[in-house]
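J.: got a predicted structure here, sequence first:
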Amino acid sequence: MAERFEHLRAALGQVQGYIYPNEIELHWGLLVVLYPYITGLVAGAFILASLAKVFRVKEVEPTYRLALLTALAFLLVAPLPLLAHLGHPERSFEIFLTPHFKSAMAMFGFVYAWYLMVVLLLEIWFEYRADLVRWSEREHGVRRILHWLLSLGSRSLAPEAVAFDKKAVHVITLVGIPSAFLLHGYVGFIFGSVKANPWWSSVLMPIVFLFSAIVSGIAMVLLLYYLTTLLRRRELDMKCLDKLASFLLYALIFSRLFMSLTIVQILIGTIGPLLLLAAGRFSSLPAELKRVSYFIAALLVQVGIFSTRWNVVIGGQLFSKSLRGLTAYKLELGGIEGLFTAIALLVLPFVILFVLLKVLPPWPEARERPELATPGSAAGEGVEAGEDAAEDAPLGA
Amino acid sequence: MAEERTRREILGKFAQFPCAAMLLACCGPLASLAQASERRYNAKDHYYGMGIQVDKCIGCGRCVEACKAENDVPREPFYFRTWVERYQIRAGGEVKVDSPDGGIHSFPPTEEDKDVLRSFFVPKLCNHCDNPPCVQVCPVGATFKSQDGVVLVDQDYCIGCRYCIQACPYGARFLDPRTSTADKCTFCYHRITKGLLPACVEACPTGARVFGELKTLASPLRRMMRMSKLAVLKPSLNTEPKVFYSDLDGEVR
């Protein structure tokens, strides 16, 4: 506690003007910056996935499963920064037991549970079910048992069963899009409904959050697609990358309307990627250069969106509600709410994603189609062709 | 004469005994009834508020000290259930506000007295809003408005999310570092339910703070409210504060 007082005393020295004495402690720190950043990635990745399924954007199909798994990995981590930030994490279950329905925060548990259980897990299961069955039939050892368990006893590979899977995925995605909007718009609502804080109090807050979520989610999937493809020493699907980049571009232009502040957010996080993306998209750069510019743009977008979150969450608390002064936020390194915790929490989703990628490989070559004679040995091209055929089948039926 | 008086006295004495006995017999149960009803505090019978007469405050900081002592508020200058602000309005219209250590040790002399047009002190505390935004946002209902109009926090239920601190437009809440739960002024609930005054009201040497019933016409608070030009803080936020300021300057936020 002495350390905390020391920290606050240091902040006291940096106060400008007059702030209410209780405002010296800045209550929502780095971990609360992480939370909207992470849920934003979830919502964005899911919306990208739904582009492939519902809006039938063929080009982004290669990232569909990757986007779903990314969303899951980040969603699993999303509540952790909040838990770590609570004064009494052990009482957090009270939100479920005795929710106060007038509180935006009380809805978190329900929105989260709905999104995790009803949308994401179900969609991933239906999407992977047929593959899980095939994998468990062919594999040996732990993976066989794991995949057998994950198939939850549903072993049918009959065409009707597979068709049902497809239909289920479609329906869940339809439900999932408004749910993703809900998940992240709701995070914006938590801030937007605080009338006491003029920086936050705005009906546009959920929309700002949503657009930036879409931006960061698409950029994250683009990054992951780029990296995993390189690491697996495969050829990048340039058409897919182009499409991702143009979505990113449109989303950026939209969200640009609401963004403001700091060199990082505007210059590095927005204008930089805008130029890079536009250059990549609308000029005849060689593919090699295009790829690099997309990659850097996606990276910058992550920085930009993180700084957006920072500017909203921390920025909103820097000025006093007396409107007469400013306080300062000094980042702590150690401690439960410090920088190291935040870094650990940011790394964790990637660890989870790594495990998920091992258990549920989203790569085209991992998919086994009954129509392919030698499973596993097929080249990317062949699989895609098979995919298209499978895609069209239920449509025609 | 003397005989007569004695007789009268004797007769009087005779009459007194049964009368006194009867009175006693009646008063006994009545008194105990009265006592019992006083002991059984009924929140429904009360609706509390506070009046602050800005022109009476001398900025001595005794209320801040009394509050910290009475309610065991952490001594560090980042935690206050009540504090006092000093406003200095300069000739050029520039406003300087300060509250060193919440005003607990009173205030240092003004630097340049010359160009200060007017200066005054404003005690601040939880406004016990009738429409409290802090209560609305609490995800578990740990902070609530009691029947007597006092906004309280259940320390055993608060999860420490600090949403209420963000939602309070008056900066009246803080996170108690010892319990990691939200804390704020309770109008000294442990005292007022026993018929005592809040510590800050009792400590104020000038009577700048008036505590009492809002719904009883004859209460000192209602009298003060009748006699003064009243204002509340940040009325535009529609929180409906129950702390009323008399002669409040427009610069006070």
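T.: Sure, I can see it. Numbering: from 1, shown residues only, chains lettered A, B, ... in the order given.
J.: going by C-alpha atoms from here, please, whenever you check contacts or count neighbours.
T.: Noted.
J.: if I read this right, A:Met220 contacts A:Leu300, doesn't it?
T.: No. Taking C-alpha atoms under 8 Å as the definition, A:Met220 is not a contact partner of A:Leu300, at 10.5 Å.
J.: just confirm B:His128 is within a strand.
T.: No. Counting by DSSP: H, G, I helix; E, B strand; the rest coil, one finds B:His128 to be coil, located in no strand.
J.: residue contacts, it?
T.: Applying C-alpha atoms under 8 Å, 6 or more residues apart in numbering or on different chains, we find B:His128 in contact with B:49, B:149-151, B:241-243.
J.: go with 7 Å
T.: Counting by C-alpha atoms under 7 Å, 6 or more residues apart in numbering or on different chains, B:His128 touches B:150-151, B:241-242.
J.: just the buried residues of these.
T.: Neighbour-count burial (16 or more other C-alpha atoms under 10 Å in any protein chain shown) applied to those gives B:150-151, B:241-242.
J.: let me see the backbone angles for A:Arg309.
T.: phi -60, psi -40 (degrees, to the nearest 10).
J.: my guess is it contacts A:Ile38, does it?
T.: No. Here A:Arg309 does not reach A:Ile38: they are 10.1 Å apart, not a contact under C-alpha atoms under 7 Å.
J.: tell me which of those two has more neighbours.
T.: A:Ile38 (28 against 22; other C-alpha atoms under 10 Å in any protein chain shown).
J.: who touches the helix or strand hosting the more buried one?
T.: Element membership for A:Ile38 (DSSP states H and E) is helix A:30-53. Under the criterion C-alpha under 7 Å, 6+ apart, residues A:57-58, A:60-61, A:64, A:67-68, A:70-71, A:74-75, A:78, A:81-82, A:85, A:170, A:173, A:177, A:180-181, A:184, A:187, A:213-218, A:221, A:306, A:309-310, A:313, A:337, A:342 lie in contact with helix A:30-53.
J.: and chain B, which of the residues you listed reach it?
T.: Among these, not one lies near chain B by C-alpha under 7 Å from any C-alpha of the partner chain.
J.: just give the number of residues close to B:Lys194.
T.: Neighbour tally, B:Lys194, other C-alpha under 10 Å: 12.
J.: quick revisit: so which of the contacts of helix A:30-53 are in helices?
T.: Counted as lying in helices by DSSP state H, out of the contacts of helix A:30-53, are A:64, A:67-68, A:70-71, A:74-75, A:81-82, A:85, A:170, A:173, A:177, A:180-181, A:184, A:187, A:213-218, A:221, A:306, A:309-310, A:313, A:342.
J.: quickly find the element holding A:Leu275.
T.: A:Leu275 belongs to helix A:272-282, assigned by DSSP H and E.
J.: which strands or helices does that helix pack on?
T.: helix A:238-256, helix A:287-313 (3 or more C-alpha pairs under 7 Å, 6 or more residues apart in numbering or on different chains; DSSP states H and E).
J.: which residue ranges of the stretch 101-250 of chain A form helices?
T.: Along the stretch 101-250 of chain A, counting by DSSP state H, counting those that start in this stretch, helices occupy A:108-113, A:122-138, A:141-150, A:159-192, A:205-231, A:238-256.
J.: most neighbours per residue, which of those?
T.: Mean neighbours per residue, mean count of other C-alpha atoms under 10 Å in any protein chain shown, is largest over the helices of the stretch 101-250 of chain A for helix A:205-231, with a mean of 23.
J.: how about the helix or strand where A:Val351 lies: buried residues?
T.: Using DSSP H and E, the element containing A:Val351 is helix A:339-359. For helix A:339-359, burial by neighbour count (16+ other C-alpha under 10 Å) applies to A:339, A:341-342, A:345-346, A:348-350, A:352-354, A:356-357.
J.: will you turn the buried ones among the contacts of B:His128 into CSV that also has secondary structure, pLDDT and distance to chain A?
T.: CSV is the format used below for those (DSSP: H, G, I helix; E, B strand; the rest coil; pLDDT from 0 to 100; distance: C-alpha to the nearest C-alpha, whole Å):
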residue, secondary structure, pLDDT, distance to chain A
B:Val150, coil, 97, 19
B:Val151, strand, 97, 16
B:Pro241, coil, 97, 14
B:Lys242, coil, 97, 17
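J.: what's the closest of the helices of the stretch 101-250 of chain A to B:Cys168?
T.: helix A:159-192 (13.2 Å; C-alpha to C-alpha).
J.: ok now that closest one, how far from the chain's centre?
T.: 14 Å (C-alpha atoms, centre = their mean, to the nearest Å).
J.: helices along the stretch 151-253 of chain B, start to end?
T.: Under DSSP H, counting those that start in this stretch, the stretch 151-253 of chain B gives helices at B:163-167, B:189-192, B:199-203, B:220-227.
J.: now the second one: how far from the chain's centre is it?
T.: Relative to the mean C-alpha coordinate of its chain, helix B:189-192 is positioned 10 Å out (C-alpha atoms, centre = their mean).
J.: remind me which residues of the chain are low pLDDT?
T.: Using chain A. Within chain A, the segments meeting pLDDT under 70 span A:252-270, A:281, A:283, A:368-397.
J.: wrong one, chain B
T.: B:1-5, B:7-39, B:112-114.
J.: domains of it?
T.: Listed domain ranges for chain B are B:1-40, B:44-130+B:183-246, B:133-182 (source: automatic domain parsing).
J.: so which of those is the most packed in?
T.: Buried most deeply of the domains of chain B, by mean count of other C-alpha under 10 Å, is domain B:133-182, with a mean of 22.
J.: now that one: how far from the chain's centre is it?
T.: 18 Å.
J.: what does stretch A:342-357 give?
T.: Counting by C-alpha atoms, centre = their mean, stretch A:342-357 comes out at 12 Å from the chain centroid.
J.: what sits up against that stretch?
T.: A:31, A:69-70, A:73-74, A:77.
J.: buried ones in stretch A:55-71, by neighbour count?
T.: So stretch A:55-71, judged by 16+ other C-alpha under 10 Å, has buried residues A:59-71.
J.: circling back to that earlier point, and the domains of chain B as TSV, adding distance to A:Glu3?
T.: TSV is the format used below for the domains of chain B (distance: least, C-alpha to C-alpha, whole Å):
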stretch	distance to A:Glu3
domain B:1-40	45
domain B:44-130+B:183-246	13
domain B:133-182	11
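J.: which of these sits closest to A:Ala161?
T.: domain B:133-182 (42.8 Å).
J.: can you pull the residues of chain B lying near chain A?
T.: Close to chain A, as judged by C-alpha under 7 Å from any C-alpha, chain B has residues B:78-80, B:97-98, B:102, B:136-141, B:159-162, B:167-174, B:180-181, B:253.
J.: for the stretch 151-253 of chain B, which segments count as strands?
T.: B:151-153, B:174-176, B:181-183, B:209-213, B:230-231, B:243-246 (DSSP state E, counting those that start in this stretch).
J.: quick check, central residue of chain A?
T.: A:Leu41 (1.9 Å; C-alpha atoms, centre = their mean).
J.: check the gap between it and A:Gly272 for me.
T.: Using C-alpha to C-alpha, to the nearest Å, one obtains 20 Å as the distance from A:Leu41 to A:Gly272.
J.: what does A:Arg291 give?
T.: 15 Å.
J.: out of the buried residues of stretch A:55-71, which comes closest to chain B?
T.: Using C-alpha to the nearest C-alpha, A:Ala71 comes nearest to chain B of those, at 25.3 Å.
J.: give the contact list for the closest one.
T.: Here A:Ala71 is in contact with A:41-42, A:45-46 (criterion: C-alpha under 7 Å, 6+ apart).
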